[in-house]
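Chemist: can't give you the sequence, but here's the structure:
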């Protein structure tokens, strides 16, 4: 459910509540009432009137003003009974409870209050004290439960039907039973309405005439009910305390409704986890104890990696199902001193108390990330999800600051790859400010042609001949110098600038390739395509770039990441349309994403690119060699060329040659070079 839908549901609950609900400003002026409150007050529209004008008394207005000093989210529940006079002259007993608004959204000093009609209860109290002679008549017509007990005998001697119903008994079934029946088997020593022995002693020494309050009682069927009750003692013929009379009202539904409202204000409607407001409460509570406990607290900010792909592939309902499952796993992974919150989207925040070392916070983060390793079943499909985590640690907790720090650390983790953890350091906030500035400068940079392309050779491993050149984006920033793609491409992805940048890269790379094809027509150009570009407009953009440059379609290779090419993640017509143009498609970073073998056969692929993380371990890890050998066998099975990325040493090259890999690229052959150096590069063979 979206935040707007949650707000509408909460508003509807308040509108139909059986309890009067309203808000007032700092000076006690009414700013909102629900229909039930207007009915209780006997006024069509009390908004704008003061609490004093409603007959609640000026002292209540002063107490409301005092209540507004409470911190946002702090609940001040002090019930107060008031006899109000209504416009028609009638008088009504009410019970008022008040507190600060949970999030302060109604303005500084705003208060929330509930008003319950307890007139019947108060009248019952009066009748019970007026004498035993009136009990039978009152009990028959009262709208609340009434019970009379003989304290000397310890038995129930009279109840009305309403009282029997509260406990789940039929009329007359409770008469003659032991009074402990009211307590239930686990509460026999402390009756939920009153302790009869204590009441007798207090009456005897003059300290008590009547008692009242709210209690949880056990019904006949074992279910719990919440009761608001009052009780008093009357003397027998000998003048000693003998009879106890109690009146009770079942407020189970009213209490549950109030709890639902309170819970919704502090919890996420989709997952049931704590929300931002509850998170802030926890941090503030920890701050209040931080000085005495001298302990650290930690905030972990977690963001799911590539969640948008799952949402786009399977739909928002499946995305919501996945978020609920992730929330459950996170909740199972944390301890008693750790609380998981959801802030919306795929963002989760974990608050940890009693954390004294960075290593302890990192251990919590590893526990959370490990909980995602088992694939999820969503919409009948297996989905593998990872997350990135940022950590902020402090001895002086402050919610906003720690969130900013953990968020900045999380983005550092994402920049390093997937399933990563990063700890905040002050330079990250400087980096965040810099990222905002770069995002604002990108449009101007594109218009002023500050972006340039460099090209890294894709080499035939057995011969050293250059078979292709991969276009790599650079930014010649006017003040910061040349920036690599890792410094600005993630920003472009987040801000939507990647689409115009992608079109520019495609056109410039095709134009450059057309020039070197005059002498080397067999050399292809490789262009990386962002997942957000895999929409129905891409074939037209590719077609226009080919026409404008005159480049042969077969000389263009579009490289797309494995996760982006899941059949459910894209419009499957797009790859087919690209193949119809004659261009080739390479699957980038193979082995790091979903590795679904089914789409190797269904999608129109030409090449598999083996991710550098496997190549860099060749010669040092038998497992890496086995993975690469498996990928090469897959490529051969499906008739695809295999390209190894990140070749930096001769031993790595030797292993790849022994395994039968056809193509590769990396610093062992050449770094990326500007367009003006390409002709010279193509004239000779690169080293093996």
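Modeler: Nice, thanks for sending it over. Small disclaimer: the values here were computed from a predicted structure and weren't measured. Numbers count the residues shown, from 1 in each chain.
Chemist: so which strand or helix has residue 256?
Modeler: Residue 256 belongs to helix 252-266 when assigned by DSSP states H and E.
Chemist: per-residue confidence averaged over that helix?
Modeler: Mean pLDDT, helix 252-266: 79.
Chemist: and what of stretch 632-644?
Modeler: Mean per-residue pLDDT for stretch 632-644: 89.
Chemist: end-to-end on it?
Modeler: One end of stretch 632-644 to the other measures 10 Å (CA to CA, to the nearest Å).
Chemist: quick one: contacts of that stretch?
Modeler: Stretch 632-644 has contacts (CB atoms under 8 Å, 6 or more residues apart in numbering) with 458, 461, 586, 597, 600-601, 605-610, 615, 628, 631, 656, 659-666. Yep, even glycine has a C-beta here, placed from its N, CA and C like the rest.
Chemist: how far is it from where the chain is centred?
Modeler: The chain centre lies 41 Å from the centre of stretch 632-644; the measure is CA atoms, centre = their mean, to the nearest Å.
Chemist: residues of that stretch that come out buried?
Modeler: By neighbour count with 16 or more other CB atoms under 10 Å, stretch 632-644 contains the buried residues 632, 634, 635, 640, 641, 642, 643, 644.
Chemist: from these, which is closest to residue 263?
Modeler: Closest approach to residue 263 among the buried residues of stretch 632-644 (CB to CB): residue 634, at 50.8 Å.
Chemist: What's the first helix or strand after the one helix or strand the closest one maps to?
Modeler: Taking DSSP H and E as the definition, one finds residue 634 inside helix 622-637. For helix 622-637, the following helix or strand on the C-terminal side (DSSP H and E) is strand 641-644.
Chemist: remind me which residues of the stretch 451-600 of the chain are low pLDDT?
Modeler: 562-572, 591-600 (pLDDT under 70).
Chemist: for it, what spans make up the strands?
Modeler: Applying DSSP state E, counting those that start in this stretch to the stretch 451-600 of the chain gives strands spanning 451-460, 466-477, 481-483, 524-528, 556-561, 584-590.
Chemist: what about residue 46, which SS state?
Modeler: What DSSP: H, G, I helix; E, B strand; the rest coil gives for residue 46 is coil.
Chemist: Next, the contact list for it, please.
Modeler: Contacts of residue 46 (CB under 8 Å, 6+ apart): 22, 30, 33, 37, 38, 54.
Chemist: Now, these that are in helices?
Modeler: For these, membership in helices holds for 37, 38, with DSSP state H as the criterion.
Chemist: Look up which residues are beta-bridged to residue 586.
Modeler: Note on residue 586: beta-bridge partners by DSSP bridges are residue 559, residue 607.
Chemist: For it, list the residues it contacts.
Modeler: With contact taken as CB under 8 Å, 6+ apart, residue 586 is in contact with 526, 557, 558, 559, 560, 605, 606, 607, 608, 609, 643.
Chemist: again, but for residue 148
Modeler: Going by CB under 8 Å, 6+ apart, residue 148 touches 135, 156, 157, 158, 159, 243, 244, 245, 246.
Chemist: which stretch of helix or strand covers it?
Modeler: According to DSSP H and E, residue 148 maps onto strand 145-150.
Chemist: tell me the mean pLDDT for that strand?
Modeler: Mean predicted lDDT for strand 145-150 stands at 83.
Chemist: Partner strands of it and their direction?
Modeler: Strand 145-150 has these strand partners (DSSP bridges): strand 155-159 (antiparallel), strand 241-250 (antiparallel).
Chemist: Return the member of these having the minimum mean pLDDT.
Modeler: Looking at the strands paired with strand 145-150, the weakest mean confidence is strand 241-250, a mean of 80.
Chemist: Can you give me the domain boundaries for the protein?
Modeler: The record's domain parsing of the chain by automatic domain parsing lists 3-117, 122-253, 269-425, 455-474+496-683.
Chemist: mind putting the ones you listed in TSV, distance to residue 488 included?
Modeler: Formatted as TSV, those follow (distance: least, CB to CB, whole Å):
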stretch	distance to residue 488
domain 3-117	32
domain 122-253	57
domain 269-425	11
domain 455-474+496-683	9
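Chemist: Lowest average confidence across the ones you listed, which one?
Modeler: When the domains of the chain are ranked by mean pLDDT, domain 122-253 comes last with a mean of 69.
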